[in-house]
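Undergrad: Structure of the sequence below:
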Amino acid sequence: MNEQFLIGTDNPILGNHKVFGQALLPGLAYIDMLYQLFRENGFDYRELELRDVTIYNPLIVEHDRSVMLHVQVAEVQKGQWKIRIEGQEQVNGKLALEKKTLYQR
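TA: Coordinates of the predicted model:
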């Protein structure tokens with residue numbers, strides 16, 4: 001599975017999640033997003049289990065920017081997946097060259 005999501009400060013995922021005035025995606029929202037992604041692809045969330053979770057960088061969204069999330073999910077063996085989420089800033093409709101690893105399992 002490969003998905004992309006554009007996240008801006010007006011996105012309900014960020015809602016009231018602000019630290020020192022900056023909108024950010026809480027760690028538990030990553031997990032919720034992943035469970036929803038698997039559900040949308042036909043998996044039963046009650047059968048899923050996350051292990052060895054590492055959040056490398058917080059997803060901070062500036063008021064005048066958006067972040068394109070790239071979610072990559074690869075099955076490494078039956079019933080076990082490697083998940084990687086990268087963020088790429090977008091300013092005035094143009095993506096930055098650099099992607100930042102935000103989450104990996």
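Undergrad: Tell me, how many residues neighbour Glu86?
TA: Using other Cβ atoms under 10 Å, Glu86 has 20 neighbouring residues. Every C-beta, even on glycine, is put in place using the N, C-alpha and C of the backbone.
Undergrad: got the contact list for it?
TA: Glu86 makes contacts with 69-70, 72, 99-102, as judged by Cβ atoms under 8 Å, 6 or more residues apart in numbering.
Undergrad: which residues of the protein fall in helices?
TA: Listed in chain order, the helices of the chain (DSSP state H) span 27-40.
Undergrad: Low-confidence bits of the protein, can you list those?
TA: Across the chain, the ranges flagged by pLDDT under 70 are 15, 102-105.
Undergrad: What's the local residue count around Ile7?
TA: Other residues close to Ile7 by other Cβ under 10 Å number 20.
Undergrad: now do Arg39
TA: If you count neighbours by other Cβ under 10 Å, Arg39 ends up with 12.
Undergrad: Run through the residues that contact the nearest residue to it once chain neighbours are set aside.
TA: Distances taken as Cβ to Cβ, 6 or more residues apart in numbering place Tyr45 nearest to Arg39, at 5.3 Å, with adjacent residues excluded. Listed by Cβ under 8 Å, 6+ apart, the contact partners of Tyr45 are 35, 38-39.
Undergrad: List just the nearest of those residues to Lys82.
TA: The closest of the contacts of Tyr45 to Lys82 turns out to be Phe38 (Cβ to Cβ; 13.5 Å).
Undergrad: give me every residue that touches that closest one.
TA: 45, 48, 73.
Undergrad: Reformat those residues as TSV; add distance to Ala29.
TA: Converted to TSV, the contacts of Phe38 look like this (distance: Cβ to Cβ, whole Å):
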residue	distance to Ala29
Tyr45	15
Leu48	16
Val73	17
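Undergrad: what about the strands in this structure?
TA: With DSSP state E as the criterion, the chain has strands at 2-8, 18-19, 22-25, 54-55, 59-61, 66-77, 80-91, 94-95, 100-104.
Undergrad: Comparing the ones you listed, which stretch has the densest surroundings?
TA: Compared across the strands of the chain, strand 59-61 shows the largest average neighbour count, a mean of 21 (mean count of other Cβ atoms under 10 Å).
Undergrad: any idea which residue of the chain is furthest from its center?
TA: Farthest-out residue of the chain from its mean C-alpha position, per Cα atoms, centre = their mean: Lys78, at 23.4 Å.
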